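Enquirer: structure, please.
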Amino acid sequence: MDLFRNRVAVITGGASGIGAAMARAFAARGAKLVLADIDQQGLRTMERELAGAGTPVLCVPTDVTQRASVNALAEATWQRFGAAHIVCNNAGIALLGEIAKAPHEDWEFTMNVDFWGVVHGVEAFVHRLIDQQEGGHVVNTASMAGLVGMQWLGIYCAAKFAVVGLTEALHRELKPHSIGASVLCPMIVATNIGENSQRLRPGAERPAREVTASAPPPVGAMRGGTVTAESVAAKVVRGIERQDLYILTHPEQREILRRRAARIDAVFEAWESDDREPAA
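Expert: Coordinates of the predicted model:
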């Protein structure tokens, strides 16, 4: 069975960046689309583009931090298309800065969008996917910062680590229902997430702090090449087809993850060494 043709894909954060790229990639495979975003102008632009190319598309202004708004998105999806098969909980923001200096508002803002936005998508859609018994796939957007802790991204890491754990559990739970679950963990992608995050941040009218989403961290705080949103979307398509749990986007991720695993394994090496030491 083709996992995309004539299937219905819902994408939050679909007005720009990775979400818009996924929309175009899914449309190219024959999917019907439901795009959700807080950016209504961006949604209108995407609707004109996709509908003009012959793709059935529904755009629903949605605030993923509000459970009722995401529930309304699910209702609109079933009213228009009668089903959903691919659900991409992709809306996200990123704020840079040191944990010790972060205002509480930044914690709430990041968790509300990056974690609770995913939870609301899971709550609104997953039981429907199970009930309709047509298979499907859930893609939750996390980050490499959800697999390895990174300086200057502490709050973001907290939210994205939570998304990774949630998706790992969801992957196990949905497998008996023939529904896949993937967690997308990109590194640096050429999008406007920094500018959008700063613009939407509560109290954005305050004077800019020493480090904000629109100002770069110190040299070396973030490493890795920059890839296009289109290349990420292509990997999402492949990940869905292969039923991958993890969707990774940068070749340099492999060595970083190996080093993390080695640091964890070294703890057990130390235990074994302690056990081998003779008693005094």
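Enquirer: going forward, measure contacts and count neighbours with C-alpha atoms only.
Expert: Noted.
Enquirer: alpha carbons of the host helix or strand of Arg259, in PDB - could you do that?
Expert: Element membership for Arg259, per DSSP states H and E: helix 253-276. C-alpha atoms of helix 253-276 as PDB (Å, rounded to 0.1, in the frame of the first residue of the first chain):
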ATOM      1  CA  GLN A 253      25.300  13.100  14.200                       C
ATOM      2  CA  ARG A 254      26.700   9.600  14.100                       C
ATOM      3  CA  GLU A 255      29.900  10.400  15.800                       C
ATOM      4  CA  ILE A 256      28.300  12.700  18.400                       C
ATOM      5  CA  LEU A 257      25.900   9.900  19.400                       C
ATOM      6  CA  ARG A 258      28.700   7.400  19.500                       C
ATOM      7  CA  ARG A 259      30.600   9.600  22.000                       C
ATOM      8  CA  ARG A 260      27.500   9.900  24.100                       C
ATOM      9  CA  ALA A 261      27.000   6.200  24.200                       C
ATOM     10  CA  ALA A 262      30.700   5.700  25.000                       C
ATOM     11  CA  ARG A 263      30.400   8.100  28.000                       C
ATOM     12  CA  ILE A 264      27.500   6.000  29.300                       C
ATOM     13  CA  ASP A 265      29.200   2.700  28.700                       C
ATOM     14  CA  ALA A 266      32.300   4.000  30.600                       C
ATOM     15  CA  VAL A 267      30.300   4.100  33.800                       C
ATOM     16  CA  PHE A 268      29.900   0.400  33.600                       C
ATOM     17  CA  GLU A 269      33.600   0.000  32.800                       C
ATOM     18  CA  ALA A 270      34.300   1.900  36.000                       C
ATOM     19  CA  TRP A 271      32.000  -0.400  38.000                       C
ATOM     20  CA  GLU A 272      33.800  -3.500  36.600                       C
ATOM     21  CA  SER A 273      37.200  -2.000  37.400                       C
ATOM     22  CA  ASP A 274      36.100  -1.300  41.000                       C
ATOM     23  CA  ASP A 275      34.900  -5.000  41.300                       C
ATOM     24  CA  ARG A 276      38.200  -6.300  40.200                       C
END
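Enquirer: tell me which residues in that helix are buried?
Expert: Gln253 (16 or more other CA atoms under 10 Å).
Enquirer: show residues contacting it.
Expert: 144, 147-148, 187 (CA atoms under 8 Å, 6 or more residues apart in numbering).
Enquirer: chain center to that helix, what's the gap?
Expert: In terms of CA atoms, centre = their mean, to the nearest Å, the centre of helix 253-276 is set 29 Å apart from its chain centre.
Enquirer: quick one: mean pLDDT for it?
Expert: Across helix 253-276, pLDDT averages out at 88.
Enquirer: min pLDDT across the contacts of helix 253-276, which one?
Expert: Ranking those by pLDDT, Met187 lands last with 93.
Enquirer: what's the residue nearest to that residue when sequence neighbours are not counted in contact with, if anything?
Expert: Excluding the flanking residues, the one nearest Met187 by CA to CA, 6 or more residues apart in numbering is Met144, at 5.4 Å. Met144 makes contacts with 185-187, 253, as judged by CA under 8 Å, 6+ apart.
Enquirer: show me the contacts of helix 253-276 that map onto strands.
Expert: Residues of the contacts of helix 253-276 located in strands (DSSP state E): none.
Enquirer: what about His120, distance to Val57?
Expert: Between His120 and Val57 the distance is 22 Å, computed by CA to CA, to the nearest Å.
Enquirer: ok, Ala158 next?
Expert: Going from Ala158 to Val57 by CA to CA gives 34 Å.
Enquirer: these two - which one has more neighbours?
Expert: Just comparing Ala158 and Val57: by other CA atoms under 10 Å the higher neighbour count belongs to Val57, 24 against 18.
Enquirer: which strand residues bridge that one?
Expert: Leu33 (DSSP bridges).
Enquirer: test my guess that it contacts Leu35.
Expert: Yes: counting by CA atoms under 8 Å, Leu35 is a contact partner of Val57 at 7.5 Å.
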